[in-house]
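# Structure for the following, please:
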Amino acid sequence: MNKISSFLGPFRTVICLIFLILLEGIFSSSPWCASYDFLRQATRGSYPFAHCVLAREEEHIEVSENGTSLDTDEVFITVLDEKGKRRQQVQHFYLNKNYSKLEVRKMEVIKPGGRTIQVDLKKNSSLTDPASASRMNIYDPNRKVMNVFVPGLAPGDTIHYIVVVNSFKPMIKGHFFGRGVLQQTFPARSIRLSITLPSHKPLHHMLKARCKGARVGFKKETSGQRTSYCWTFEDIPELVPEPFMPGAGQVAMRLLFSTLSSWKDVSKWYYNLVEPKLKVNREIRAEVRKLIEGKKSERERLDALFFFVARKIRYLGIIEEANRPGFEPHDVSLTFSRRYGVCRDKAALLVAMLREAGFQAAPVIMSAGSKLDPEIAVPYFNHAIAAVMDPSGRPKVYMDPTSETSRQFLPDYEQDSSCLPAVPQGSELLLTPVKPPGSNLFVMEITETLDSSGLKGVVKTKTRGFSDTVFRSILMRKSRQEQEKFLRVFLLKKQPGLKINEISWTDPGDNSRNFSFGCRFEIPGAFKKTGVFYPFSSTGSPGLMDSFVFKRASVIRRMYPLKTGYSFETLIKENIRLKLPFCRIYLPETVDIDDAYLKFKRSYSVLKDGIALEQRLVVKKLEVPPDEYEKILQVQAILGASRLNSIVFAPCGQE
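Have a look, this model is predicted:
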């Protein structure tokens, strides 16, 4: 007996392992059952350049009469390599507990061959605040992210989950809407979306930015009192992100759907939501009278009201509204008394004070920094501001009182953004206006004398618009010594070797005038013995916003627009008085580029006692389309080679 036991000993471990594997196979799903056979197509061979692939998604949404819905989403994501594993190891599901409940009904890993491993949701799930909550001075305890860690994930595995979202409270009563961004940063093999709703509620829908090669199917069926809309999408290529492109919701293949017939319906809804909150009390009336007393012009009265709400009412708050959290402002009397509020609170208070002062004003909801699709009413707004209306009922002055340090009513980063005024008759979707480039102006004027010892002169700068806002917002948070250091570094970066003798600047806290600064300087040895001279303005980007924009042009070609973010103008004027013996001056060539998106001109002229240089850069649009991107690269190259544009003085007899 002992001999037999000794003989079998080496095989016991192997026998046990085989037995455990057989047991695991019995208690897990069958290897490569027919329902998972499609996963054989989601391989490295089929997708050689992808890190993961959406093998299949089946989503069905049941919409009720009152606009509530039940969304069941089943997803299979196959991981192809280590990078794909890192990206998919944690699955994120966003929810707003004010409006919906989320349940992860299944989360498992399907191994190659079909064996499945269930994810223990209790051990591997956490509910956290979204990252944006830490970046904003506002807290909504009901906005959450469910994070599910997927243990044991390896290349070749497929994550399979089923998530059910019960939207128990529609944002707009009786209505349902959404935007499905179909194109992701990984390819999709198959997506099926079906929406069923009462037949008397027509679903307005539209597919935008259809990808080349993607196959699309659509079917609409009515059975009894319900109508079903069903889309199928196959072979959707991945979206390859580019630096400083618009958001995926603006450029990717996407499906829009809504029971709202027009944007006017949304405008009327928001008007009815906000209007009861705008009743002023005697304290507000007294404050308005005090603020506008003695102000003769309309602009003076607007300034007084705007800067009061912008600077005396802090941007701060906790979401605690009961009716439509995230959209509904508090009563303006409450915001005024406690001296703080979020964007919609401050906007509502400003509207109420403007009306009390005799202006026609309206709240405005907006999609800050982006555009919504105008064809279908999908109201994905994220911000609220105010507007002074003209006699026809259209906005003539937009005002964002959350911009606490700006001298502008509307910050430049909110230009060209979709917005919707809340008016009783309803409004179409609008875009906030883009300011002329000259409204964001940076001017540098250089007057100097060049002799054999070097260059001496004076620099004076002026700012306007966003250039003024940038300097002001940076310097207002610094001590006097820190302000001087910042301005010295700014000038030294533009012209290395500069010796600053005196520097002066206006008070950044003084809103009565635009910010400006200047200095006296010298550059010893600026004139070379070879007769070569590099002007002060020969630096690549002498302005404030030039380098900011041109650093964004970091790829050779683009598929999507480049977001410059701002329209602006930089003007550099340099006058050089010459005290040198010479018989001839050789000047660089003039550059002149001008189109609908960009203007760049550099010119030189010989004066009686010197040389005048002028460089003007104008960025006219906030987005540059791919077919115009080459002009940005051309100017970028010219600015990069600026140090090669020297002035040469030829001594007599050596012309």
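
# what's stretch 551-561 in contact with?
240, 242-246, 251, 562-565, 623-626, 629, 632-633, 636 (Cβ atoms under 8 Å, 6 or more residues apart in numbering). In this view, the C-beta of every residue, glycine as well, is placed from N, C-alpha and C.

# same thing but 6 Å
Here stretch 551-561 makes contact (Cβ atoms under 6 Å, 6 or more residues apart in numbering) with 242-245, 251, 623, 625-626, 629, 632-633, 636.

# Now list the buried members of those residues.
With neighbours counted using 16 or more other Cβ atoms under 10 Å, the contacts of stretch 551-561 contain these buried positions: 242, 244-245, 251, 623, 629, 632, 636.

# one step back: among the contacts of stretch 551-561, which one lies nearest to A286?
Set against A286, the nearest of those by Cβ to Cβ is E623 (45.7 Å).

# Okay, and which of the contacts of stretch 551-561 map to strands?
Using DSSP state E, the members of the contacts of stretch 551-561 that fall in strands are E623.

# Out of the contacts of stretch 551-561, which comes closest to G497?
Nearest to G497 among these: Q636, at 23.9 Å, using Cβ to Cβ.

# pretty sure the closest one is touching D546, no?
No. The criterion here is Cβ atoms under 6 Å, and Q636 misses it with D546 at 9.7 Å.

# re earlier: how about the contacts of stretch 551-561, which pair is most distant?
V251 and Q636, at 22.8 Å, using Cβ to Cβ across the contacts of stretch 551-561.

# Okay, now the unreliable bits of the protein?
1-34, 132-139, 317-325, 405, 528-530, 539-542, 643-644, 651-655 (pLDDT under 70).

# which stretches of this structure form helices?
2-27, 82-88, 121-124, 132-135, 248-251, 263-274, 282-292, 298-312, 332-338, 343-356, 466-475, 480-494, 546-550, 629-640 (DSSP state H).

# and the second one, what other elements does it pack with?
Using 3 or more Cβ pairs under 6 Å, 6 or more residues apart in numbering; DSSP states H and E as the contact criterion, the elements in contact with helix 82-88 are strand 69-79.

# got the contact list for the strand it packs on?
When contacts are defined by Cβ under 6 Å, 6+ apart, strand 69-79 is touched by residues 42, 52-63, 85, 88, 155, 157-167, 176.

# And stretch 507-520, by the same measure?
407, 458-464, 468, 471-472, 475-476, 487, 500-503, 505-506.

# buried sites along that stretch?
For stretch 507-520, burial by neighbour count (16+ other Cβ under 10 Å) applies to 508, 511, 514-519.

# Could you work out the end-to-end span of that stretch for me?
End-to-end distance of stretch 507-520 (Cα to Cα, to the nearest Å): 19 Å.

# roughly how far is that stretch from the heart of the chain?
30 Å (Cα atoms, centre = their mean, to the nearest Å).

# how about the strands in the stretch 401-550 of the chain?
418-421, 430-431, 441-451, 454-464, 499-505, 516-524, 532-533 (DSSP state E, counting those that start in this stretch).

# Buried residues of stretch 52-71, list them for me.
So for stretch 52-71, counting by 16+ other Cβ under 10 Å, buried means 52-57, 59-61, 63-64, 67-69, 71.

# Looking at those, which is nearest F533?
Ranked by distance to F533 (Cβ to Cβ), the buried residues of stretch 52-71 are led by C52 at 57.8 Å.

# is it true that that closest one touches G84?
Yes. The criterion here is Cβ under 6 Å, and C52 meets it with G84 at 3.5 Å.

# Narrow the contacts of strand 69-79 to those in strands?
Reading strands off the contacts of strand 69-79 with DSSP E, I get 52-63, 158-167.

# got the contact list for the residue nearest the centre of the chain?
Of all residues in the chain, the one closest to the mean position by Cα atoms, centre = their mean is G369, 5.3 Å from it. Neighbouring residues of G369 by Cβ under 6 Å, 6+ apart: S417.

# Recalculate using a threshold of 10 Å.
246-247, 382-383, 413-418, 563, 565, 622 (Cβ atoms under 10 Å, 6 or more residues apart in numbering).

# of the buried ones among the contacts of stretch 551-561, closest to S603?
For these, the nearest to S603 is Q636 (19.5 Å; Cβ to Cβ).

# The closest one contacts L562, doesn't it?
No. Contact between Q636 and L562 fails when scored by Cβ atoms under 10 Å: they sit 11.4 Å apart.

# and for those two, which residues touch both?
549, 552-554.

# Identify all contacting residues around stretch 35-47.
Here stretch 35-47 makes contact (Cβ under 10 Å, 6+ apart) with 29-30, 32, 50, 52-56, 76-81, 110, 112-114, 116, 155-156, 158, 160, 186-187, 189-190, 238.

# Just the buried ones from those residues?
Among the contacts of stretch 35-47, those buried by neighbour count (16+ other Cβ under 10 Å) are 50, 52-56, 76-80, 110, 112, 114, 116, 155-156, 158, 160, 186-187, 189-190, 238.
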